[in-house]
Structure formats: C-alpha cells, structure tokens
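>>> sequence isn't available, so here's the structure alone:
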C-alpha cells in the first residue's frame with residue numbers, strides 16, 4: 001500500500017495514469033474510493049492522484065487538533081514526497097475547503113483549481129447536522145440507518161427515488177473495509193466548523209472553476225456562488241440533475257466539465 005510518511009501521520013494515496021498531475025481531495029469521511037467513478041475518465045489525460053485525508057481511510061488520524069490548514073499542508077507534503085512542483089487541484093466539499101487553503105497559502109503549487117459542491121465557510125446548519133451525525137455514529141455504529149441518512153443528504157431526489165441505488169449504496173458502504181472511525185469523523189467535523197476563508201478567497205490567482213449541483217441541499221448554489229463572486233475570473237457551472245456528490249451521481253457529466261476546463265475536451 002503506497003503511503004507517504006509525513007511528520008505525525010502516514011498518508012495513503014493512489015496514482016492513476018501519466019501526464020500533468022491532477023490532485024483530487026475528498027470531502028468529509030471520503031477516501032480514495034469516492035473518486036473511482038471518474039478516475040477512468042481522467043487518468044488517460046492526467047497523472048491522477050487521490051488521497052485519504054488524515055482521519056479517514058488508510059491514513060493516520062494524527063496528533064492534536066485536525067484543521068483544514070493542517071490537511072492542506074498534508075497535501076503539499078504529499079506533492080513534495082512525489083516530487084511534484086505544481087498540480088491541478090480538484091476538491092469536493094471539505095476537500096474544496098482544503099483546495100481553497102492550498103490556492104490561498106501555497107499558490108505556487110496550484111495550477112488550475114476546481115471546487116465542487118463547496119463554499120468559503122461551513123453553515124451553522126451543517127455544523128449542527130454533522131455534530132448530530134457524529135452522535136448517531138457513536139450511538140449506533142455504522143448502521144444501515146446511518147448510511148441511509150447520508151444518502152438522503154448526498155444525492156438528488158430523482159436518484160433517491162430509485163430504491164435499488166440507495167440499497168446498493170448502503171450495502172457497499174456496510175461492507176467497506178476502511179470505514180472512518182468515530183474519532184476521525186469528530187476531528188474532521190471540528191476542522192470544518194473552524195474553517196472560514198471568506199476574507200481570503202479574493203487572493204486566489206489560479207484559474208478557477210466552481211461546479212455545483214442544482215439539487216444540493218448540503219451546500220446550496222447560493223453558498224457556492226459566493227466563491228465565484230470573490231475569485232476573480234472564476235467560472236461557475238450549475239449542473240442540473242445532481243446534488244452534493246456530482247462526481248458519483250453523474251460521473252460522465254462531471255468528468256466532461258472538468259476536462260473541458262482543463263483543456264482536454
């Protein structure tokens with residue numbers, strides 16, 4: 001298993017394809033596996049790097065408090081470990097917070113920036129929701145009900161109407177061997193609660209694409225558009241028929257948008 005030993009943790013990563021590097025950073029509780037649906041479409045064009053953020057998957061939890069800036073530093077150290085000076089960066093949800101932090105504080109390491117289903121700050125509504133989800137995990141463990149609750153938050157009503165999709169999502173989740181531990185979830189939730197880039201995003205210089213699902217109830221289009229208004233020259237793309245996890249719900253639509261932005265379509 002490929003791991004980079006970085007200060008207080010070992011960071012798990014996978015690489016697909018060759019070419020200019022493209023770093024994919026997942027959201028709350030998500031690890032490398034969350035990107036599998038789009039890796040096939042991206043890897044013929046880019047050296048596609050996926051990682052497990054600290055606190056989930058096969059990466060360590062680390063000592064002390066987990067913050068978005070600390071996870072951004074992990075990503076930079078992974079690039080250093082792989083001897084990559086600069087990369088395109090794609091971040092989803094919490095991974096979008098990490099990607100913003102990279103573009104703000106490590107601008108020389110980011111070529112083009114793609115922000116999926118994310119915002120410059122986490123809403124109070126979501127902070128309360130995630131705390132309740134953590135409490136449910138502590139009480140029930142990785143139960144069927146816990147995963148069904150996640151499905152209702154992540155996917156569009158149209159997809160949720162198909163019972164077979166939800167059943168498959170729950171079944172695959174329950175048998176996944178690298179489920180996030182409660183401690184890791186708690187630390188990532190705290191990192192999300194403390195993140196606020198609203199006064200800093202205007203310094204982002206990387207060419208940026210913001211992608212949002214029209215049916216997203218976790219991070220709404222109204223929240224995401226704040227990024228477009230404050231990142232000079234950025235493009236905003238609102239995709240119908242998708243909610244929070246666009247790259248899972250409609251991988252072809254999402255991949256086409258990414259490749260077009262990166263000049264490969």
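Sure thing, it's come through. All values reported here derive from a predicted model rather than from experimental measurement.

>>> can you name every helix or strand that the lengthiest helix in the chain contacts?
Longest helix of the chain, by residue count under DSSP state H: helix 124-140. Here helix 124-140 touches helix 144-154, helix 182-194, going by 3 or more CB pairs under 8 Å, 6 or more residues apart in numbering; DSSP states H and E. For every residue, glycine as well, the C-beta is placed using N, CA and C.

>>> of those, which is nearest residue 131?
Closest of the helices and strands packed on helix 124-140 to residue 131 is helix 182-194, at 6.6 Å (criterion: CB to CB).

>>> for the nearest residue to residue 104 once chain neighbours are set aside, phi and psi?
Excluding the flanking residues, the one nearest residue 104 by CB to CB, 6 or more residues apart in numbering is residue 200, at 5.1 Å. For residue 200, the backbone dihedrals are phi -120, psi -20 (criterion: degrees, to the nearest 10).

>>> burial count for residue 200?
By other CB atoms under 10 Å, the residues close to residue 200 number 15.

>>> same check, this time on residue 85
10.

>>> please apply the same query to residue 172.
11.

>>> which SSE is it in?
Assigned by DSSP states H and E, residue 172 belongs to helix 163-174.

>>> which elements pack onto that helix?
Here helix 163-174 touches helix 144-154, going by 3+ CB pairs under 8 Å, 6+ apart.

>>> so which residues make contact with the helix it packs on?
Applying CB atoms under 8 Å, 6 or more residues apart in numbering, the contact partners of helix 144-154 are 129, 133, 136-137, 140, 160, 166, 169-170, 173-174, 217-218, 243-245, 248.

>>> quick one: buried residues of the helix-or-strand element of the chain with minimal mean pLDDT?
Within the chain, judged by mean pLDDT, DSSP states H and E, the helix or strand with the poorest mean is strand 3-6; its value is a mean of 90. For strand 3-6, a neighbour-count test (16 or more other CB atoms under 10 Å) marks 4, 6 as buried.

>>> sheet-wise, list the partners of it with their directions.
Strand 3-6 sits in its sheet next to strand 9-16 (antiparallel), going by DSSP bridges.

>>> in the partner strand, what counts as buried?
Buried residues in strand 9-16, counted by 16+ other CB under 10 Å: 9, 11, 12, 13, 14, 16.

>>> tell me how far the second one lies from residue 215.
The one in question is residue 11. 33 Å (CB to CB, to the nearest Å).

>>> cool, and the fifth one?
Here the distance between residue 14 and residue 215 works out to 30 Å (CB to CB).

>>> mind listing the strands for the protein?
3-6, 9-16, 21-25, 47-51, 87-92, 110-116, 207-213, 235-239 (DSSP state E).

>>> give me every residue that touches the closest residue to residue 233 other than its chain neighbours.
Of all residues not flanking residue 233 in the chain, residue 207 sits nearest, at 6.8 Å (CB to CB, 6+ apart). Residue 207 is in contact with 112, 113, 233, 234, counting by CB under 8 Å, 6+ apart.

>>> surely residue 12 and residue 51 touch.
Yes: Residue 12 is within contact range of residue 51, at 6.7 Å (criterion: CB atoms under 8 Å).

>>> thanks a lot, see you next time.
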